[in-house]
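A.B. asks: here are the coordinates; sequence isn't available:
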């Protein structure tokens, strides 16, 4: 199988080229060195008040616009930041998401702080991003996490299965948060990953790969699962998404700059067809 070589090449490319985003951290980054923050003044008592909670959370998000997230953000708080980024990223360009994410986490740095907000406050900060249903999902989701009756009490779910119980969280978002924040070895398959896997495995026919349940969609998911790096599932999923967003684009993909083009079935087929046409015209 070519999977190990493809996996290594993709992660090496990601470590050297990934975009620095405020919620992103990569212990293997070549250009955004891992760093920690001193949480010395962060209260640790589970009974701390909302003011303490906000102050504690704000410490971890300070300066992330330039450096990315610290490696010692507590997993549950990190999951909150990743979850917010994933909901915001639906149908919105990532650069714009980064601006709004920074404002959001400054106002509500933890899920407990967000759960105390009113819908009007949330909508006001969201203004300009569109699709306000996503803002409602974030507020409803925070209240769900903090609802003692749900067994939450402010403890962020840590598996893809339990994350899926949060309002507005589907299979992709659950897998993304679980893998990135909690290192769960699960493939996160979004539109970018579908495009990369369908080209890589040269998936043709089988219906629309973006429609769950089709043969093409199942083949894309199986390809992503085969390639998944179980030691670095969060980085791998982000690498696949990054490749789809910046190299393996819908139109005019940069095959020459693709780290895994050597094993790409679609490119191989395209080259073979070009060679046949060229030979036929000679």
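C.D. replies: Now that the structure is in, tell me what you want to look at. Note that this is a predicted model, so its numbers are computed, not measured.
A.B. asks: CA atoms for contacts and neighbours, from now on please.
C.D. replies: Will do.
A.B. asks: Relative to residue 15, how far out is the closest residue to residue 13 other than its chain neighbours?
C.D. replies: If the residues on either side of it in the chain are set aside, residue 13 comes closest to residue 259, at 6.3 Å by C-alpha to C-alpha, 6 or more residues apart in numbering. When C-alpha to C-alpha, to the nearest Å is the yardstick, residue 259 and residue 15 sit 12 Å from each other.
A.B. asks: ok, now residue 268?
C.D. replies: Counting by C-alpha to C-alpha, the separation of residue 268 from residue 15 is 26 Å.
A.B. asks: Now tell me what touches stretch 238-250 from outside.
C.D. replies: Taking contacts as C-alpha atoms under 8 Å, 6 or more residues apart in numbering, the residues outside stretch 238-250 that touch it are 10-11, 14, 18, 190, 192-193, 195-196, 253-255, 257-258.
A.B. asks: what do you get if the cut-off is 7 Å, keeping everything else the same?
C.D. replies: By C-alpha atoms under 7 Å, 6 or more residues apart in numbering, the residues outside stretch 238-250 that reach it are 10-11, 14, 192-193, 195-196, 253-254, 258.
A.B. asks: hang on, the earlier thing: the residue nearest to residue 13: neighbour count?
C.D. replies: The burial metric for residue 259, expressed as a neighbour count using other C-alpha atoms under 10 Å, is 20.
A.B. asks: show me where the stretch 51-200 of the chain has helices.
C.D. replies: Shown for the stretch 51-200 of the chain, the helices assigned by DSSP state H, counting those that start in this stretch span residues 64-67, 75-89, 94-107, 111-115, 119-126, 133-146, 160-163, 171-182, 191-200.
A.B. asks: Turn the ones you listed into CSV, including mean neighbour count and mean pLDDT.
C.D. replies: Below are the helices of the stretch 51-200 of the chain laid out as CSV (neighbours: other C-alpha atoms under 10 Å; pLDDT from 0 to 100):
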stretch, mean neighbour count, mean pLDDT
helix 64-67, 16, 93
helix 75-89, 22, 96
helix 94-107, 17, 96
helix 111-115, 24, 95
helix 119-126, 14, 96
helix 133-146, 21, 96
helix 160-163, 18, 97
helix 171-182, 24, 98
helix 191-200, 22, 97
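A.B. asks: will you turn those helices into a markdown table that also has distance to residue 25?
C.D. replies: Rendered in a markdown table, the data for those read as follows (distance: least, C-alpha to C-alpha, whole Å):
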| stretch | distance to residue 25 |
| --- | --- |
| helix 64-67 | 9 |
| helix 75-89 | 10 |
| helix 94-107 | 14 |
| helix 111-115 | 19 |
| helix 119-126 | 25 |
| helix 133-146 | 22 |
| helix 160-163 | 20 |
| helix 171-182 | 9 |
| helix 191-200 | 20 |
